[in-house]
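> coords below, sequence missing:
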Ligand SMILES: C[S@@+](CC[C@H](N)C(=O)[O-])C[C@H]1O[C@@H](n2cnc3c(N)ncnc32)[C@H](O)[C@@H]1O
């Protein structure tokens, strides 16, 4: 093969594919989550929404990682997935929390088209797609909770997410190993914007799968905050 040709990435099997603990873990959302996994592995890769190397770790790195936010969310009300991208964690959240209304907020047209197809294919009546940047829907979109994965550093997330939340609303962000540094660095900005104390959690899904770091912040004061 000449150097100019596209590199073929061998698709390795996902060690968790076929693991009997997955249907048990996902319960009634299993069918939808399983179909979402297949869509990501096929069309998601072809359309450049997921890297080919991710196919062998879709369960651990993406789907279980997304499911890890669910225990930190309200089970009803409106949840906005800010910067939903390929639908992570929003699609998984919508499948697992059928009583909640989930808004997949994403500015990129191509990703919104994908999200619309996923919602329709999975038959998720509680999920909708909104094409916008978070800062452009301040004042017109409100939420009881906002989720965000791999979108922006915390201080920027506070600026984008808090105006969507009323008092008592929660921001639930999936973060990496440096979450506590980020929390510290963003503390002043968070307080100024009406956020309470951020808590950091190691979220467990199934044994043998890396825990996910979740940062949860409740929005306290709303009046007078800019
Ligand atoms: C790195 S991707 C992560 C996507 C997905 N959350 C995931 O974990 O796979 C970041 C996403 O945030 C979106 N984004 C960037 N700025 C945004 C903004 N101001 N408001 C809403 N979404 C934004 C991008 O279009 C992109 O789809």
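Good, I have the coordinates. As the structure is a prediction and not an experimental result, all values here were calculated from the model.

> got the contact list for the closest residue to residue 28 other than its chain neighbours?
What sits nearest to residue 28 in space, not counting adjacent residues and going by C-beta to C-beta, 6 or more residues apart in numbering, is residue 98, at 7.8 Å. Placement of C-beta: from N, CA and C, glycine included. Contacts for residue 98 were tallied using C-beta atoms under 8 Å, 6 or more residues apart in numbering; they are 28, 29, 126.

> Going by neighbour count, which of these comes out on top?
Using other C-beta atoms under 10 Å as the neighbour test, these are led by residue 29, with 22 neighbours.

> Does that residue touch residue 95 like I think?
Yes. Under the criterion of C-beta atoms under 8 Å, residue 29 makes contact with residue 95 at 3.9 Å.

> The longest helix anywhere in the chain: which residues count as buried?
Looking across the chain with DSSP state H, the single longest helix is helix 109-122. Using 16 or more other C-beta atoms under 10 Å as the test for burial, helix 109-122 gives 111, 112, 114, 115, 118, 119, 122.

> what does stretch 38-53 give?
Here stretch 38-53 shows 39, 40, 41, 44, 45, 47, 49, 50, 52 as buried, counting by 16+ other C-beta under 10 Å.

> In TSV: these, plus secondary structure and pLDDT.
Below are those laid out as TSV (DSSP: H, G, I helix; E, B strand; the rest coil; pLDDT from 0 to 100):
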residue	secondary structure	pLDDT
39	helix	98
40	helix	98
41	helix	96
44	helix	97
45	helix	96
47	coil	96
49	coil	96
50	coil	95
52	helix	94
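
> Pull the most distant pair out of these.
39 and 52 (14.8 Å; C-beta to C-beta).

> what sits against the residue nearest to the spatial centre of the chain?
Nearest to the mean C-alpha position of the chain, by C-alpha atoms, centre = their mean, lies residue 89 at 2.4 Å. Neighbour list for residue 89: 65, 66, 67, 69, 81, 147, 149, 174 [criterion: C-beta under 8 Å, 6+ apart].

> isn't there a helix covering residue 190?
Yes. Looking at residue 190 with DSSP: H, G, I helix; E, B strand; the rest coil, it is inside a helix.

> host element of the closest residue to it other than its chain neighbours?
Excluding its sequence neighbours, the residue lying closest to residue 190 (C-beta to C-beta, 6+ apart) is residue 158, at 5.0 Å. Under the criterion of DSSP states H and E, residue 158 resides in helix 154-161.

> Ends of stretch 48-56, what's the gap?
Terminal residues of stretch 48-56 are spaced 16 Å apart (C-alpha to C-alpha, to the nearest Å).

> Tell me the gap between that stretch and the middle of its chain.
With C-alpha atoms, centre = their mean, to the nearest Å as the basis, stretch 48-56 stands 17 Å off its chain's centre.

> Ok, stretch 66-74 next?
For stretch 66-74, the distance to the chain centre is 9 Å (C-alpha atoms, centre = their mean).

> residues in contact with it?
Contacts for stretch 66-74 (C-beta under 8 Å, 6+ apart): 25-26, 33, 79, 88-89, 91-93, 96-97, 100, 144-145, 147, 149, 170, 172, 174, 201, 203-205, 211-212, 214, 216.
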